[in-house]
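>>> pasted the sequence and its predicted model underneath.
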Amino acid sequence: MKIKNITGKIFSPRRSEIVSTQTDNFFRKLKPRPYVVDYIEGVYKNSVLPNVNQDTLTISVLTDTHAKAIASASYYGINGMRHIIEANQVATDVGLDLNVHLGDLMDGSDKPEISRGILKFAVENYQKSKPPFYIIEGNHDENDKYDEHRFFKTASFHRDDYDMLVAKYDFEQPEIFRLNQVSKVGWYDKGDVRIIFIDTSDIPYILSNGSKKYDFKKVRGVREQQLEDLTTILEQSVDKHVVVMGHANIISPSGRSALNFNGDLVQQLLVAFNNKASGQLKNELTGDFGVDIRYDFSSTGISKVTTYICGHMHYEKNYKVSEINHIILNCSALMGKKHGLTMDYNKKWDRRYNEISELAGYFINIDPKKLRLQIFGYGAATRYVSFEI
């Protein structure tokens, strides 16, 4: 399968603005494919709409679109951006409550000026869609995959690139809240339902001789300040049905941390919240990932965290640990059956370019009266599953 770079030969660092502009112009030529939009809207109208009402919360969810500036019919490429454009068109057409991207918006393997262009265009597309949106940072979204592939490793993204291109626009919306101007934890409310967004790529940007101390693609974690903010938000969540979303899974089915740092502490905090407990959250680490905080969830009424939803793993799975549902959603990016890096889960779907299996996405509905969370999948995704909340 031939792969063509869309920006041709314009790759000189001295012409970075030209490369970024050409990339941006290329993506602007992409339009929603009518047959894809019709298919997704059909899923919503025939499967979702009969099972929801205005008192519930309905969300469009994509994850791991891994957009790249190449035209590929077998693996990652511009198909990821197409999926964003098409899902956002449907979200506007049918009037959903919220648009969520669970991270790895891009693959992070393009030159930095191209990757910045990808992030910029994607955010602009979310802004054009009518529902409010939240884009979570994934482990590919700091462009470290490109850094790994260079003979001389240097940081291709600056410290604030992702925040200035993506995160700041999450929080410019009046429907999205955070505690302060630097908090990495956001939330969205509708009635008695609260969605909390955490950053599982909460890794310090520390340079040593031009290279990062931590590889954002390989290292996932949550630091003390984010846990403090999450604690404060939970302490203020009174009589709420709480669902938490992040990019990577925080714990395994056995209850072990699935992050390099402090995934188990996030789980412990959520369990303490459900138990209306007061106490101390602490680990044995010092330095970048040391944690020592206090919490008091004794005044949160009937609030409960029932579910943690993420992507990252490029397959579907769900399991329950300490009465909390952990749900992993499949990647939206194309993973062709014959590609060497394709996960077995996606090989079984036999995903093909320009067919419905090319994409994968979800509608998630939360019904606080029926105490039910429903997931409606389309493309290479399970068609329906529901959970008690």
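On my side now, so go ahead.

>>> could you find the closest non-adjacent residue to Val36?
Glu86 (4.8 Å; C-beta to C-beta, 6 or more residues apart in numbering). Bear in mind the C-beta positions are built from the backbone N, C-alpha and C, glycine included.

>>> just the helices in the stretch 1-150 of the chain please.
In the stretch 1-150 of the chain, the helices defined using DSSP state H, counting those that start in this stretch lie at 16-28, 34-43, 79-94, 112-128, 144-148.

>>> make JSON lines out of the ones you listed and add mean neighbour count and mean pLDDT.
Below are these laid out as JSON lines (neighbours: other C-beta atoms under 10 Å; pLDDT from 0 to 100):
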{"stretch": "helix 16-28", "mean neighbour count": "17", "mean pLDDT": "66"}
{"stretch": "helix 34-43", "mean neighbour count": "16", "mean pLDDT": "98"}
{"stretch": "helix 79-94", "mean neighbour count": "23", "mean pLDDT": "98"}
{"stretch": "helix 112-128", "mean neighbour count": "21", "mean pLDDT": "97"}
{"stretch": "helix 144-148", "mean neighbour count": "20", "mean pLDDT": "93"}
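
>>> could you export the ones you listed as CSV, including distance to Leu270?
Formatted as CSV, those follow (distance: least, C-beta to C-beta, whole Å):
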stretch, distance to Leu270
helix 16-28, 38
helix 34-43, 31
helix 79-94, 28
helix 112-128, 28
helix 144-148, 28
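
>>> about what we covered before: I'd assumed Arg33 was in contact with the residue nearest to Val36.
Yes - contact criterion C-beta atoms under 8 Å: Glu86 and Arg33 qualify, at 6.5 Å.

>>> please look at Phe253 and Val321 and confirm they touch.
You called it Phe, but residue 253 is Pro. Yes - using C-beta under 8 Å, Pro253 is in contact with Val321, at 6.8 Å.

>>> what's the closest non-adjacent residue to the most centrally placed residue in the chain?
Central residue of the chain (C-alpha atoms, centre = their mean): Leu102, 1.2 Å from the mean position. What sits nearest to Leu102 in space, not counting adjacent residues and going by C-beta to C-beta, 6+ apart, is Thr63, at 3.5 Å.

>>> and Ile118, how far from Asp104?
Ile118 sits 12 Å away from Asp104, going by C-beta to C-beta, to the nearest Å.

>>> repeat for Gly138
Note on Gly138: its distance to Asp104, by C-beta to C-beta, is 3 Å.
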